[in-house]
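**Q** how would this look folded up:
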Amino acid sequence: MTNYRYLFWTFIIVCVNATAGFGSMTSNNMAVVSNSALLQKAEKGDVAAVLGLGNTMDQTLIPKLSQMLKYAKDKKKHPVYIRSLRMALAQLGEPEARQEIIGDLDKDKRYAQYQAFEDASRVGGKDMIEKIAAKLFDTSPGGRPLEYDEKTGGDKIVSDVGLPAPRHAAVIALTRLIDDPAAPKVDLKNYIDDEENVHKWREWWQANSNKYCNLSSNEVVKARTP
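**A** Sure, this is the predicted structure:
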């Protein structure tokens, strides 16, 4: 069994650092000054500043951040910087950014999919929870990610890092997102790909999915159980 505690740790540390220190505004004027300073840093590629802007929950930032994201994509800026802009927009409630993250959860490319689990668990919201929960019933395997090789016309291994199967990534993400005393307890510091954890979360979702989506719990499970 695989321990995933070190996966994407660098990016997670950046997220944690960005969270600290940006939630203590005491007046509108201070918030404006702080947002302006963060924007200047964000435009220079500072990922922590970008994520800090998402934490402000100031929706007046959406047009500027949308412009920055388009520019970053057009100029093929670093993928982590692009991800951070998309996450910040998603945290502020920008629909397109949220749908991009949700869409990436269905991608065949394992890295993109796993990063979407990470991003969705940071952004939160019922739309993210519903989509992640659907992955509890995805039986596709984890392991070393593959990508298409144009030279051979087949797949090639792109990394020695093993990624969790979608159902296990869903357990990790839901554990971070769901604040319910009745939800399954999972030790994320020492998480292993234990099918018992998946089973417990499936049962919890069957009983509680009506809180997060329009379908009844039975309809959700019948539609998605393999």
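
**Q** count the residues that sit near Lys73.
**A** Using other CB atoms under 10 Å, Lys73 has 12 other residues around it. All C-beta spots, glycine's among them, are computed from the backbone N, C-alpha and C.

**Q** give the buried residues for the helix or strand it falls within.
**A** Using DSSP states H and E, Lys73 maps to helix 62-74. Neighbour-count burial for helix 62-74, with 16 or more other CB atoms under 10 Å as criterion, is recorded at Leu65, Ser66, Met68, Leu69, Ala72.

**Q** can I get the CA coordinates of that helix in PDB?
**A** What follows is helix 62-74, C-alpha atoms only, in PDB (Å, rounded to 0.1, in the frame of the first residue of the first chain):
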ATOM      1  CA  ILE A  62     -12.600  38.900 -10.000                       C
ATOM      2  CA  PRO A  63     -12.100  41.100 -13.200                       C
ATOM      3  CA  LYS A  64      -8.500  41.800 -12.500                       C
ATOM      4  CA  LEU A  65      -7.700  38.200 -11.600                       C
ATOM      5  CA  SER A  66      -9.500  36.900 -14.600                       C
ATOM      6  CA  GLN A  67      -7.400  39.200 -16.800                       C
ATOM      7  CA  MET A  68      -4.200  37.900 -15.100                       C
ATOM      8  CA  LEU A  69      -5.300  34.300 -15.600                       C
ATOM      9  CA  LYS A  70      -5.900  34.900 -19.300                       C
ATOM     10  CA  TYR A  71      -2.600  36.600 -19.700                       C
ATOM     11  CA  ALA A  72      -0.800  33.800 -17.800                       C
ATOM     12  CA  LYS A  73      -2.400  31.100 -20.000                       C
ATOM     13  CA  ASP A  74      -1.600  33.000 -23.200                       C
END
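
**Q** helices and strands around it, which ones?
**A** Contacts defined by 3 or more CB pairs under 8 Å, 6 or more residues apart in numbering; DSSP states H and E place helix 62-74 against helix 28-43, helix 79-91.

**Q** where do the helices of the chain begin and end?
**A** For the chain, the helices defined by DSSP state H occupy 9-19, 28-43, 47-55, 62-74, 79-91, 95-104, 110-123, 126-134, 166-177, 195-208, 217-224.

**Q** just put the ones you listed in CSV and tack on mean pLDDT and distance to Lys189.
**A** Output for those, formatted as CSV (pLDDT from 0 to 100; distance: least, CB to CB, whole Å):
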stretch, mean pLDDT, distance to Lys189
helix 9-19, 44, 12
helix 28-43, 76, 31
helix 47-55, 95, 22
helix 62-74, 97, 33
helix 79-91, 96, 23
helix 95-104, 96, 25
helix 110-123, 93, 15
helix 126-134, 95, 20
helix 166-177, 96, 11
helix 195-208, 95, 14
helix 217-224, 37, 29
